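Participant: dropping the sequence and predicted coords here.
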Amino acid sequence: MKISSDHWIPERPPYMLKPLKPIPAVATVSCLIDEENSCWIPETVNAFFDSKTAEYIMRIQISRHGGDFVRWPHTKHGLYTVRSAYNLVRAEGFFVERSRRGRGTSSAVANDEKHWKNIWKINAPGKMKIHLWRFAQDCLPSGVQMQRRQIPTSDACVFCGREEDVAHAMLLCQFAMEVWRLVKRKYMIQLQRHDLMSTKYWLFEFLANATELEATVLAVGCWYIWEARNDARNNRGHPDPTRTSVKILAYIDMIIQQCFKAKPSNRRETDVAPRWSPPPPGVVLVNSDVALFADCRQMAMGAVFRDSEGKCLAAASLPLQGFTSPEMGEALALRDAVMIARDKGFKNVIFVSDCLSLIQRLNSPAPDRSEVGSVVKDIKTLVAGFFSANFRHVKRCLNEVAHILAKTCNLASLGFISFSVPECIRKTLCIDVC
């Protein structure tokens with residue numbers, strides 16, 4: 001793999017690489033790797049790249065039990081699918097088209113994703129949430145949209161005769177405004193129509209500040225207003241705002257009865273807290289966790305090894321190289337825990353972690369070529385040497401003992417592997433077995 005011409009840094013395509021020193025065209029990435037220890041050579045990496053690029057490189061985990069592989073970054077497991085490629089092409093085409101029209105695109109894509117999720121959280125039938133999503137995307141068959149698609153029909157609003165786009169039909173038409181006025185008599189929903197420059201961002205802003213009930217009112221209201229508009233447009237009578245508002249209020253009342261039920265007063269104050277479960281006799285249970293220290297951009301792992309009687313056989317608290325995503329940190333912590341278990345001669349082991357996505361990757365028979373894939377492969381290769389090894393997910397409260405070890409790691413030292421109980425987790429261990 002060539003340093004200068006191949007795309008080997010996820011955050012840095014080849015055309016963005018600007019080495020501090022000339023790099024021969026034939027130089028390969030292996031020149032930057034300590035192959036004996038399966039790690040990067042920090043001095044070499046820092047000598048040729050700026051600090052930001054060097055940090056990106058140091059984040060890439062090098063598999064200790066496998067070679068290079070091609071990763072498709074647009075799926076969860078890094079495997080190419082036609083569907084992901086189709087979605088990628090559609091997304092790129094959308095952004096190019098908006099740019100061509102001079103409308104621009106949002107740079108906060110991740111933030112937009114959070115707002116889109118707010119739509120699917122609304123307590124309303126799926127058809128109403130999809131309708132609201134189409135409203136935000138401006139892909140409902142309004143008069144303006146039909147004209148845009150060159151469908152021979154009028155773009156005038158059926159109620160007031162003005163140009164009909166989705167914002168007009170749902171919020172600004174005299175019919176819609178009268179319906180919302182009647183709905184507001186019972187539910188004091190503030191639509192803030194004067195801020196309506198973009199249906200998408202208006203909806204994002206509304207849902208970000210709305211209560212669960214207000215979001216439900218909006219979804220149901222928009223559905224029935226559009227239904228009334230369709231009835232009028234298709235000559236199925238002339239809808240009355242009062243009748244439409246009655247439908248909306250009745251449907252909202254039904255949703256409230258089903259989804260906003262008051263909690264019974266005689267229920268227990270607290271649920272029974274989950275308890276630590278010991279492994280079967282002859283099996284070692286290993287808890288592992290990672291702690292990320294954002295201020296100094298470092299990570300540390302913690303691991304505890306216990307038998308069926310709850311006795312602590314070993315405990316580890318070790319610093320980890322680099323600073324990366326939480327899932328990668330969890331994978332590195334678990335890999336270290338597996339190596340410690342192997343070195344100590346444990347043959348029947350259950351490894352537990354509070355990172356569900358990592359456990360799912362480890363229990364999946366499918367190859368993993370994601371960012372975490374190299375570490376997942378290492379773990380699977382390592383456990384092949386055990387008589388039996390299982391991976392299980394536990395809640396965070398059942399992994400507290402490992403998290404304490406990770407948080408209390410001395411980052412300035414080499415950490416420790418102890419065969420006696422560290423004082424920092426003694427109390428938590430006693431609580432687990434009580």
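Facilitator: Received, thanks. Predicted model only: the values in this text are computed from it and were never measured.

Participant: so who does the nearest residue to residue 21 once chain neighbours are set aside touch?
Facilitator: The shortest distance from residue 21 to any non-neighbouring residue, by CB to CB, 6 or more residues apart in numbering, is to residue 48 (5.5 Å). C-beta coordinates here come from the backbone N, C-alpha and C atoms, glycine included. Contacts for residue 48 (CB atoms under 8 Å, 6 or more residues apart in numbering) come out as 19-21, 23, 32.

Participant: narrow those to those that are buried.
Facilitator: Among the contacts of residue 48, the ones that count as buried by 16 or more other CB atoms under 10 Å are residue 32.

Participant: now render the contacts of residue 48 as a markdown table, adding pLDDT, secondary structure and distance to residue 113.
Facilitator: What follows is the contacts of residue 48, written out as a markdown table (pLDDT from 0 to 100; DSSP: H, G, I helix; E, B strand; the rest coil; distance: CB to CB, whole Å):
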| residue | pLDDT | secondary structure | distance to residue 113 |
| --- | --- | --- | --- |
| 19 | 85 | coil | 34 |
| 20 | 86 | coil | 36 |
| 21 | 87 | coil | 39 |
| 23 | 87 | coil | 37 |
| 32 | 88 | helix | 34 |
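
Participant: now, which of the contacts of residue 48 sits nearest residue 397?
Facilitator: For these, the minimum distance to residue 397 (CB to CB) is 41.5 Å, reached by residue 32.

Participant: separation between that closest one and residue 314?
Facilitator: Remark: distance between residue 32 and residue 314 (CB to CB, to the nearest Å) = 34 Å.

Participant: which helix or strand lies directly C-terminal to the one helix or strand in the chain whose mean pLDDT sits lowest?
Facilitator: Ranked by mean pLDDT, DSSP states H and E, the weakest helix or strand in the chain is helix 82-100, scoring a mean of 72. Toward the C-terminus, helix 82-100 is succeeded by helix 109-120 as the next helix or strand (DSSP states H and E).

Participant: next, the buried residues of that following helix.
Facilitator: Neighbour counts over helix 109-120 (16+ other CB under 10 Å) mark 115, 119 as buried.

Participant: again with stretch 324-342
Facilitator: By 16+ other CB under 10 Å, the buried positions in stretch 324-342 come out as 324, 327-338, 340-342.

Participant: what do you get for stretch 69-77?
Facilitator: Buried residues in stretch 69-77 (16+ other CB under 10 Å): 71, 75, 77.

Participant: so how far is the first residue of that stretch from its last?
Facilitator: Counting by CA to CA, to the nearest Å, you get 12 Å between the two ends of stretch 69-77.

Participant: next one: stretch 62-82
Facilitator: Stretch 62-82 has its terminal residues 28 Å apart, counting by CA to CA.

Participant: which residues touch it?
Facilitator: Here stretch 62-82 has contacts from 1, 10, 33, 38-40, 84-85, 87-88, 361, 364, 366-371, 373-375, 377-378, 381-382, using CB under 8 Å, 6+ apart.

Participant: the residues you listed in strands, which ones?
Facilitator: Using DSSP state E, 33, 39-40 are the members of the contacts of stretch 62-82 that sit in strands.

Participant: which of those sits closest to residue 213?
Facilitator: Nearest to residue 213 out of the ones in strands among the contacts of stretch 62-82 is residue 40 (CB to CB; 53.4 Å).

Participant: re earlier: any chance of a PyMOL selection covering the buried ones in the ones in strands among the contacts of stretch 62-82?
Facilitator: Applying 16+ other CB under 10 Å to those, the buried members can be selected in PyMOL as follows:
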select buried, resi 33+40
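
Participant: by pLDDT, give me the weakest of the ones in strands among the contacts of stretch 62-82.
Facilitator: Here the lowest pLDDT out of the ones in strands among the contacts of stretch 62-82 sits on residue 39, with 81.

Participant: reformat the ones in strands among the contacts of stretch 62-82 as a markdown table; add distance to residue 257.
Facilitator: Below are these laid out as a markdown table (distance: CB to CB, whole Å):
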| residue | distance to residue 257 |
| --- | --- |
| 33 | 63 |
| 39 | 60 |
| 40 | 60 |
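
Participant: now the contacts of residue 48 as TSV including distance to residue 310?
Facilitator: TSV is the format used below for those (distance: CB to CB, whole Å):
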residue	distance to residue 310
19	54
20	54
21	56
23	55
32	45
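
Participant: quick check: residue 318 is in a strand.
Facilitator: Yes: the assignment for residue 318 by DSSP: H, G, I helix; E, B strand; the rest coil puts it in a strand.
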